[in-house]
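Asks: Return atomic coordinates for the entry below.
(chains A and B)
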Amino acid sequence: MDFTVIALAVLVFLVIFAVLQYNRLIRLNVQVDEAFAQIEVQLKRRADLIPNLVETVKGYASHEREALEKVVQARAASTAASTLPAVAAADGALTNALRGLLAVAEAYPDLKASTNFLQLQEELATTENKVSFARQFYNDNVRTLNTAVKTVPSSFFAGIAKVGEREFYEVDDPAIRNAPNVKF
Amino acid sequence: MPAPSFRALQASNKRKTFFLLFSMGVLVWLIAYVAVSAFGGSGAGVIPIAVLISLITVWGSYFGSDKLVLAMTRAHVIQESDNPKLFNLVHEVCIASGLPMPKVAIVQDNAPNAFATGRDPEHALIAFTTGLLEVMDRDELQGVVAHEMSHVANRDTLVSAIAATTAGIIALISDILMRMLWFGGARSRDHRDNQMPIFLAIIPLILAPIAATLLKAAVSRKRESLADATAVSFTRNPAGLRSALEVLARDNTVVAARSSAVAHMYIESPLDASAASRLFATHPPIQERIATLRAMESSGI
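Replies: Residues are numbered from 1 along each chain as shown, chains lettered A, B, ... in the order given. As a prediction, the model looks like this:
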């Protein structure tokens, strides 16, 4: 009699433990999905700002064709990308193209003084920060998930929960990851 | 010694908070023991009264913290259209931390300062003085916003409510027992063998409330250090917060609507520094906080 009670108690404990571990893995996996969605939201925001920026710069510096063209192309590539590595690569390319354009803009005092450009500057600064914070939040979530998938005891349940390691969001330019505060 | 990372600092500050709260628990147990052994039945009766009064007063303010604090500090909630740049900064930190968007408030005051309150992240409120918004640049403001959002993330309103409740229980028990002693309440008790002599009970009755106040202040200081470390984990930019603290350290103006009741909530102590000794201070010395952040900068976080 005593033995069955103990066995039953151990069984109940094991079931609760397994359910908790299973749920944790599922939750972490969902959090990674949500964090990736946040990156896409912020990238979309940035893409939406670009036509306005390009028009404004064109008005004062129309012959800076190369820098403008790069931004337009990078924007097109980033809106077309869908898989994680493609999104990350396009994101890095667009960040670099934007930097190039804003460096060019430095040479045009009239452009820099225009109200439209000044408004865009704050918008771009905050969007660029939001993009990099969204990347950072995503990578933090991936780190937590990957640790759970690889370490005991949660690793035992990774197969049952059909949760595996996820890819980090790597941007080409290492400076972007280390310095979230891009100055415009 | 290599500079500790923000992750190590977060873990160490959380451990220390736990230890301090645990010590406060031990102190409650100690004072309750003294009450029962020196005062017998009447001592035991005091404990639930003290617990009840402390719970009601502190937890009432905990649940209404956002509204209560707004009234005490004369802050008013603003909308996104009132200050789009500040909302951008708050939104950035929300994305970095995964926290929901808090209410944002402004205090009309020239002294640069900021605070956070609210019982949970869903009811959070962060407030900034107009003086702070004027003197700080984008990076510095971001550091301050991240520090305040760290208080929200670390549920510091809850932690300080627990500390205040415990300190309150200890103070109330000691106070009631001292009065009983004064009015001779204990003398009428018949002395049993295991009963503690009254004169031995006086020492813990005097010392316990002081110890509780010191522990409460120590908890507050640890939460400030933790919020600094958490802020860096959000922004990965210790330089912004460090520079913001330097601005605060240079500034000599004090918040007009100040009160020791809300002192622990501010990013920098709003009270006159000379009024409180280091042990009773709610904040670690600002130079020490700056040095910790500087160490994180030079080690590349």
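
Asks: Show me the shaky parts of chain A.
Replies: For chain A, the stretches flagged by pLDDT under 70 are A:1, A:172-184.

Asks: how about a cut-off of 90?
Replies: Applying pLDDT under 90 to chain A picks out residues A:1-3, A:40, A:45-47, A:49-74, A:76-93, A:95-125, A:128, A:151-165, A:167-184.

Asks: Just the helices from chain A, written as ranges.
Replies: Assigned by DSSP state H, the helices in chain A fall at A:2-60, A:65-80, A:84-105, A:109-113, A:115-150, A:155-161, A:174-178.

Asks: Let me know whether the first one sits next to chain B.
Replies: Yes. Helix A:2-60 comes into contact with chain B (Cβ under 8 Å from any Cβ of the partner chain), by way of A:31, A:35, A:38, A:42. All C-beta spots, glycine's among them, are computed from the backbone N, C-alpha and C.

Asks: what helices or strands is that helix leaning on?
Replies: Where contact means 3 or more Cβ pairs under 8 Å, 6 or more residues apart in numbering or on different chains; DSSP states H and E, helix A:2-60 is packed against helix A:65-80, helix A:84-105, helix A:109-113, helix A:115-150, helix A:155-161.

Asks: how about the helices of chain A in CSV, adding mean neighbour count and distance to residue B:25?
Replies: Below are the helices of chain A laid out as CSV (neighbours: other Cβ atoms under 10 Å in any protein chain shown; distance: least, Cβ to Cβ, whole Å):
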stretch, mean neighbour count, distance to residue B:25
helix A:2-60, 15, 27
helix A:65-80, 17, 54
helix A:84-105, 19, 48
helix A:109-113, 13, 60
helix A:115-150, 19, 31
helix A:155-161, 15, 35
helix A:174-178, 14, 43
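
Asks: would you list the ones you listed in a markdown table and tack on distance to residue B:218?
Replies: Shown next, in a markdown table, are the helices of chain A (distance: least, Cβ to Cβ, whole Å):
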| stretch | distance to residue B:218 |
| --- | --- |
| helix A:2-60 | 33 |
| helix A:65-80 | 50 |
| helix A:84-105 | 45 |
| helix A:109-113 | 51 |
| helix A:115-150 | 30 |
| helix A:155-161 | 39 |
| helix A:174-178 | 35 |
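
Asks: I'd like to know which of the ones you listed is closest to residue B:122.
Replies: helix A:2-60 (16.8 Å; Cβ to Cβ).

Asks: Let me know the angle separating the closest one from helix A:115-150.
Replies: Here helix A:2-60 points in a direction 160 degrees away from that of helix A:115-150 (axes from the mean of the first three to the mean of the last three Cα atoms, to 10 degrees).

Asks: how many degrees apart are helix A:2-60 and helix A:65-80 in direction?
Replies: Going by the same axes, to 10 degrees, helix A:2-60 makes 150 degrees with helix A:65-80.

Asks: Could I get the full set of helices for the stretch 101-250 of chain B?
Replies: Taking DSSP state H, counting those that start in this stretch, the helices of the stretch 101-250 of chain B run over residues B:130-135, B:138-153, B:156-182, B:198-235, B:238-250.

Asks: For chain A, which residue occupies the most central location?
Replies: In chain A, the residue lying closest to the centroid (Cα atoms, centre = their mean) is residue A:135, at 3.0 Å.

Asks: Surely that one and residue A:171 touch.
Replies: Yes. Assessed by Cβ atoms under 8 Å, residue A:135 is found in contact with residue A:171 at 6.9 Å.

Asks: show me the contacts for residue 47.
Replies: In the absence of a named chain, this looks at chain A. Contacts for residue A:47 (Cβ atoms under 8 Å, 6 or more residues apart in numbering or on different chains) come out as A:75, A:78, A:79, A:94.

Asks: switch to chain B, that's the one I care about
Replies: Residue B:47 touches B:32, B:35, B:36, B:173, counting by Cβ under 8 Å, 6+ apart.

Asks: Generate a ChimeraX selection restricted to the buried subset of the residues you listed.
Replies: Entered in ChimeraX, the line below selects the buried ones among those, by 16 or more other Cβ atoms under 10 Å in any protein chain shown:
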select /B:32,35,36,173
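
Asks: Can you lay out the contacts of residue B:47 as TSV showing pLDDT and distance to residue B:158?
Replies: Listed next are the contacts of residue B:47 as TSV, based on pLDDT from 0 to 100; distance: Cβ to Cβ, whole Å:
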residue	pLDDT	distance to residue B:158
B:32	85	23
B:35	81	27
B:36	81	30
B:173	87	23
